[in-house]
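Enquirer: predicted model and sequence below, questions to follow.
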Amino acid sequence: MVHLLHNGTLSSQALTTRTAGWSWDVYYTVPIALTACLFLIGFLRMNRRLGPSRARWVPFTSFVLGWFSLVIALNSPIHEIGEQLFWVHMTQHEILVLISAPLLVLSRPIAVFLWSLPRSWRVQLGNFSKTGPVRSSWLFISAPLVAWTLHAAALWAWHVPALFSATVDHAWIHGLQHISFLGSALLFWWALLHGDGARLSQGAAILYVFTTAAHTSALGALLTFAPRAWYAPYLLTANSWGLSPLQDQQMGGLIMWIPSGTVLVIIGLMMVLSWMRTSQQRWEYTHTAAVLRDARGVHEM
């Protein structure tokens with residue numbers, strides 16, 4: 001991990017080593033590269049078997065953007081500097097939760113991944129996914145309230161000082177943190193964007209977005225206005241970047257509170273506008289149908 005001098009500051013050699021380039025840790029790079037290969041193979045097979053379609057390029061673009069955001073979050077210097085500056089660590093998390101997860105969900109990658117596999121494997125996986133225990137488990141964890149709760153629990157639990165500090169000291173714990181943030185965010189956005197319409201109305205989806213904005217902003221405010229720094233590892237490293245540990249934490253809190261909260265509010269407002277537009281179209285359709293029905297009745301008389 002971080003190489004420290006006896007006075008608690010980073011040596012110039014350690015800083016140069018840790019911030020000079022990108023980190024290509026195997027446990028991040030291999031899964032990211034594998035998903036890219038599977039998606040590309042599946043996409044090409046779909047186009048060859050089903051014929052080209054302009055509609056497929058929108059999810060393809062969404063996947064590419066989401067994939068690159070994962071690379072930036074997990075392999076760029078952000079990952080290494082995040083172990084020295086709390087606010088950079090927070091930025092990394094927000095990329096995973098607010099950029100990577102929704103973009104990947106919008107791309108609907110599961111069907112494309114399946115097309116990358118041999119046909120016999122696709123059939124077996126399809127049959128397996130329809131079995132009672134698997135289907136019941138998926139319906140439970142992807143239920144909007146459960147997905148919302150899991151995402152909120154992951155966010156608050158990992159910001160407990162002991163757990164967050166452990167991610168800086170142990171790479172495997174840091175990996176678990178990334179998995180829980182990204183995994184719970186994927187569930188959350190899937191429930192909102194692709195969940196069963198019978199289980200989640202547009203109004204409920206809007207409520208989940210605004211409540212997420214509220215509790216993440218609350219955590220950001222707690223970090224910003226805390227009288228002291230919470231996380232021990234950054235007490236040793238923040239000064240090397242010209243920040244006090246408390247200033248470093250305040251910047252991280254502000255990132256969670258204002259930019260991230262604003263993004264969620266904007267998404268919520270866009271959903272409200274979509275809901276209003278859909279409601280207006282539904283009203284116009286109903287009103288037009290009523291007028292045509294009345295006109296037909298008058299004509300028959």
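Expert: Perfect, thanks for sending it. This is a predicted model, so every value here is computed, not measured.

Enquirer: show me the shaky parts of the stretch 101-250 of the chain.
Expert: 195-203 (pLDDT under 70).

Enquirer: repeat that with 50
Expert: Within the stretch 101-250 of the chain, the ranges that satisfy pLDDT under 50 run 197-199.

Enquirer: so what's the residue count around L96?
Expert: Per other Cβ atoms under 10 Å, the neighbour tally for L96 reads 22. Every C-beta, even on glycine, is put in place using the N, C-alpha and C of the backbone.

Enquirer: please name the nearest non-neighbouring residue to it.
Expert: The shortest distance from L96 to any residue other than its chain neighbours is 4.9 Å, reached at L182 (Cβ to Cβ, 6 or more residues apart in numbering).

Enquirer: please name the residues that touch that neighbour.
Expert: With contacts defined as Cβ atoms under 8 Å, 6 or more residues apart in numbering, the neighbours of L182 are L96, V97, S100, A101.

Enquirer: S240: which of these is nearest?
Expert: Taking Cβ to Cβ as the measure, S240 sits nearest to L96 out of the contacts of L182, at 25.5 Å.

Enquirer: contact partners for the closest one?
Expert: With Cβ under 8 Å, 6+ apart as the criterion, the residues that contact L96 are S69, L70, A73, H178, F181, L182, A185.

Enquirer: which of those has the most neighbours?
Expert: Across the contacts of L96, neighbour numbers were computed from other Cβ under 10 Å; A185 holds the maximum, 26 neighbours.

Enquirer: okay, that one and E83: tell me how far apart.
Expert: Computed with Cβ to Cβ, to the nearest Å, the distance linking A185 and E83 is 21 Å.

Enquirer: and what of V26?
Expert: For V26, the distance to E83 equals 18 Å [Cβ to Cβ].

Enquirer: and for F140?
Expert: 35 Å.

Enquirer: more neighbours, these two?
Expert: Each of F140 and E83 has its neighbours counted (other Cβ under 10 Å); E83 has more, 21 against 10.

Enquirer: once you drop chain neighbours, what's closest to that one?
Expert: Of all residues beyond its chain neighbours, the one nearest E83 is V168 (5.1 Å), with distances taken as Cβ to Cβ, 6+ apart.

Enquirer: helix, strand, or coil at that neighbour?
Expert: The three-state assignment at V168 reads helix, by DSSP: H, G, I helix; E, B strand; the rest coil.

Enquirer: and it, what does it touch?
Expert: Contacts were defined as Cβ under 8 Å, 6+ apart; by that measure V168 touches M1, E83, H89, H174, Y231, P233, Y234.

Enquirer: between these, which sits nearest P133?
Expert: After measuring the contacts of V168 against P133 - Cβ to Cβ - the closest member comes out as H174, at 31.9 Å.

Enquirer: what's the burial count for that closest one?
Expert: By other Cβ under 10 Å, the residues close to H174 number 21.

Enquirer: what comes up buried for the host helix or strand of it?
Expert: Secondary structure here is read from DSSP states H and E; on that basis H174 sits in helix 171-193. For helix 171-193, a neighbour-count test (16 or more other Cβ atoms under 10 Å) marks 174, 177-178, 180-192 as buried.

Enquirer: let's see if you can find the most crowded of the contacts of V168.
Expert: Result: Y234 is most packed of those (other Cβ under 10 Å), 27 neighbours.

Enquirer: against which helices or strands is the host helix or strand of it packed?
Expert: With the criterion set as DSSP H and E, the secondary-structure element containing Y234 is helix 233-237. Contacts of helix 233-237 with other secondary structure elements, assessed using 3 or more Cβ pairs under 8 Å, 6 or more residues apart in numbering; DSSP states H and E, are made with helix 161-169, helix 245-257.

Enquirer: residues in contact with the last one?
Expert: Here helix 245-257 makes contact (Cβ under 8 Å, 6+ apart) with 85-87, 89-91, 94, 216-217, 219-226, 228-231, 234-235, 238-239, 241, 243.

Enquirer: tally of neighbours for the nearest residue to W257 once chain neighbours are set aside?
Expert: Leaving aside its sequence neighbours, W257 sits nearest to G220 (Cβ to Cβ, 6+ apart; 2.8 Å). Under the neighbour criterion other Cβ under 10 Å, G220 is assigned a count of 22.

Enquirer: G220 against P259, yeah?
Expert: No - with the criterion set as Cβ atoms under 8 Å, G220 and P259 do not qualify as a contacting pair; they are 9.4 Å apart.

Enquirer: chain neighbours aside, what residue packs nearest to P233?
Expert: In space, P233 comes closest to V168 once its chain neighbours are excluded; the distance is 4.0 Å by Cβ to Cβ, 6+ apart.

Enquirer: okay, and A153 sits in which element?
Expert: Counting by DSSP H and E, the secondary-structure element that holds A153 is helix 144-158.
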